[in-house]
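In: Pasting the sequence and the predicted coordinates here, then a few questions.
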Amino acid sequence: MMKKTVVLVDDNTIFLKLGEKILSEDYIVVTAWSAVKLFEVLESVKPAVIILDVYMPKMDGFETLEILKANPATKDIPVIFLTGIVEPKEESKGRSLGAVDYITKPFNPKELVASIERATAGEKASQSEEDQHPEEEQQP
């Protein structure tokens with residue numbers, strides 16, 4: 001089975017290395033230290049999921065998510081916030097902008113992997129639904 005690609009976005013390089021170490025056994029991990037770098041990466045990489053920090057210099061995670069959701073090429077990529085911000089209003093803002101999950105640091109690696117699996121499980125489900133429709137149409 002092919003590994004899914006995950007893009008990890010955080011301005012903290014120590015966290016990027018830690019996240020890469022935790023996830024690289026199960027996923028292809030591409031790191032980006034800013035939103036600008038993320039958009040560069042997305043020109044050549046189509047990830048299964050984006051893991052995004054909220055507070056980053058120049059462009060925060062919320063603004064980044066709004067741009068991702070406004071672009072037809074990236075609007076369907078699930079985004080998980082992984083952040084040090086524990087404010088409920090920040091979490092609800094992230095979810096209302098379209099994030100599929102909001103995990104706070106310090107985080108449990110198993111929780112992050114489970115969140116990635118939930119976020120990407122819909123991919124398989126929608127493909128299998130599409131595979132079933134032509135059969136239904138052929139029935140009298």
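Out: Great, that's in hand. Numbering: from 1, shown residues only.
In: can I assume residue 117 sits in a helix?
Out: Yes. Under DSSP: H, G, I helix; E, B strand; the rest coil, residue 117 sits within a helix.
In: count of residues packed around it?
Out: 13 (other C-beta atoms under 10 Å). Just so you know, the C-beta spots here come from the backbone N, C-alpha and C atoms, and that holds for glycine as well.
In: State the distance from it to residue 100.
Out: When distance is defined by C-beta to C-beta, to the nearest Å, residue 117 is 11 Å away from residue 100.
In: Other residues contacting the helix or strand containing residue 69?
Out: Secondary-structure element containing residue 69, defined by DSSP states H and E: helix 61-70. Outside of helix 61-70, the residues within contact range by C-beta atoms under 8 Å, 6 or more residues apart in numbering are 9, 35, 38-39, 50, 52-56, 74-75, 77, 79, 81, 83, 93-94, 97-99.
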